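>>> Build me a model from this:
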Amino acid sequence: MATKKTRKFTDELREKSPAELDKALVEAKKELFNLRFQNATNQLDNTARIGEVKKNIARIQTVLTAKLSAEA
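Numbers count the residues shown, from 1 in each chain. Purely as a prediction, here's the structure:
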């Protein structure tokens, strides 16, 4: 079951345009890359953040796919 924080995040995503979702997706992927790099060099304190960002990427992709298929 979704938490309030997750529900709020997905509601915010649904309000964005496909272009804004693309931008958010690129930023999330950059963040994931940086987190992985920090983890590899033992500089990452909160390793759970990697999982959170991965899930957020999946959420963004899901909303983006739904918007694009609705437009078609």
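
>>> Now do the same contact list for residue 6.
residue 59 (C-beta atoms under 8 Å, 6 or more residues apart in numbering). In short, each C-beta sits where N, CA and C put it, glycine included.

>>> Please, which helix or strand holds it?
Secondary structure from DSSP states H and E places residue 6 in helix 4-15.

>>> Which of the residues in that helix are classified as buried?
9, 13 (16 or more other C-beta atoms under 10 Å).

>>> That one: what's the following helix or strand?
helix 18-40.

>>> Any chance you could list what contacts that following helix?
13, 16, 44, 47, 49-50, 53-54, 56-57, 60-61, 63-64, 67-68, 71.

>>> swap the cut-off to 7 Å and go again
Residues outside helix 18-40 that contact it (C-beta atoms under 7 Å, 6 or more residues apart in numbering) are 13, 16, 44, 47, 49-50, 53-54, 56-57, 60-61, 63-64, 67-68.

>>> how far off helix 4-15 does it point, in degrees?
Counting by axes from the mean of the first three to the mean of the last three C-alpha atoms, to 10 degrees, helix 18-40 lies at 140 degrees to helix 4-15.

>>> For helix 18-40, C-alpha coordinates in CSV please.
Extracted in CSV, the C-alpha atoms of helix 18-40 (Å, rounded to 0.1, in the frame of the first residue of the first chain):
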residue,chain,number,x,y,z
PRO,A,18,5.4,14.6,-20.9
ALA,A,19,8.2,17.1,-21.5
GLU,A,20,8.5,17.8,-17.7
LEU,A,21,8.4,14.0,-17.0
ASP,A,22,11.2,13.5,-19.5
LYS,A,23,13.3,16.1,-17.6
ALA,A,24,12.5,14.5,-14.3
LEU,A,25,13.5,11.1,-15.6
VAL,A,26,16.8,12.4,-16.8
GLU,A,27,17.5,14.1,-13.4
ALA,A,28,16.6,10.9,-11.5
LYS,A,29,18.9,8.8,-13.7
LYS,A,30,21.7,11.2,-13.1
GLU,A,31,21.1,11.0,-9.4
LEU,A,32,21.1,7.2,-9.5
PHE,A,33,24.4,7.3,-11.4
ASN,A,34,25.9,9.6,-8.8
LEU,A,35,24.6,7.5,-5.9
ARG,A,36,26.1,4.3,-7.5
PHE,A,37,29.4,6.1,-7.9
GLN,A,38,29.4,7.2,-4.3
ASN,A,39,28.5,3.7,-3.2
ALA,A,40,31.4,2.2,-5.2
